[in-house]
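Participant: sequence plus the predicted model coming up.
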Amino acid sequence: MQKILVWDWPVRLGHWLMVGGFIIAWLTAESETFRLVHAVSGGIVLAVATFRLPWGFIGSRYARFVDFVRGPTALKAYAAGLLKLEPAHHVGHNPAGGWAIILLLGLGILTGLAGWANYNDLGRNWLEELHEGLAATMLTVIIIHLIGVASGSLLHGENLVRTMITGFKSGLPEQAIPSARPIAAALLLIWVAAASWWIAN
Ligand code: HEM
């Protein structure tokens, strides 16, 4: 085993943009003064999540949904290992984490769309309630996600937060991705900037 590149640039950049976007949107949710900041930061979460969907099909090996969206059998096997405190090591996302990711991306899109409609006065009270309910559900999944990241880091003796920053994890040389895909990351930034500009204007 050695340090190999696993997470490409769009995955890492997208992840931390989502984290920043979600935190700022949550902190400004009740403020009239920061209404625009709230809308733009929510828009960043929406933009990253919508970029991540096609990237889940055309992205690098571990970014692809086929690599980490697994059925009930794989999920049960992973949970059984987790209960014995010996979860199987996965170079990419593990089967439980994979479903949390799908939920986070789905909720990021739904919350963002409901918020956008709300911001443009397209609905009434029910839309505001829906937006808030979705955001609260997202926070719950984020807390579960963070518990998963912390327990995975402890049980595997591998700092997963650092891996999401550097892109490097332990693995065999043949398991490494060949490129960090910087051009796709530049496209992600353009997409996020365009969405922010569109919301702000
Ligand atoms: C400070 C808080 C957070 C930390 C430390 C953190 C950490 C991580 C780590 C370490 C991974 C990789 C897990 C693995 O090795 O399989 C990951 C994946 C992921 N996290 Fe977070 N996370 C945080 C907050 C969030 C938030 C707020 C969101 C959503 C708004 C989020 C969405 C995701 C998604 C979608 C992935 C999958 C990345 C991809 O494949 O594109 N995370 N996170």
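Facilitator: Now that the structure is in, tell me what you want to look at.
Participant: from here on, just use CA atoms for contacts and neighbour counts.
Facilitator: Will do.
Participant: show me where this structure has its strands.
Facilitator: For the chain, the strands defined by DSSP state E cover 2-5, 168-171.
Participant: what pairs with the last one, parallel or antiparallel?
Facilitator: What it means is strand 168-171. strand 2-5 (antiparallel) (DSSP bridges).
Participant: rewinding a little: for the strands of the chain, which one ends up most surrounded?
Facilitator: strand 168-171 (a mean of 19; mean count of other CA atoms under 10 Å).
Participant: now it - C-alpha only, CSV.
Facilitator: Included here for strand 168-171 are C-alpha records, laid out as CSV according to Å, rounded to 0.1, in the frame of the first residue of the first chain:
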residue,chain,number,x,y,z
PHE,A,168,-4.5,11.1,-1.7
LYS,A,169,-5.5,7.8,0.1
SER,A,170,-3.8,4.5,0.8
GLY,A,171,-4.0,2.0,-2.0
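Participant: want to throw the strands of the chain into a markdown table with distance to Ile24 and mean pLDDT?
Facilitator: Formatted as a markdown table, the strands of the chain follow (distance: least, CA to CA, whole Å; pLDDT from 0 to 100):
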| stretch | distance to Ile24 | mean pLDDT |
| --- | --- | --- |
| strand 2-5 | 30 | 97 |
| strand 168-171 | 28 | 96 |
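Participant: out of those strands, nearest to the ligand?
Facilitator: strand 168-171 (8.7 Å; CA to the nearest ligand atom).
Participant: that closest one near the ligand at all?
Facilitator: No: Strand 168-171 lies apart from the ligand when judged by CA under 6 Å from any ligand atom; the minimum separation is 8.7 Å.
Participant: what sits up against that strand?
Facilitator: Strand 168-171 has contacts (CA atoms under 8 Å, 6 or more residues apart in numbering) with Met1, Gln2, Lys3, Ile4, Leu5, Val6, Trp7, Val91, Glu158, Thr163.
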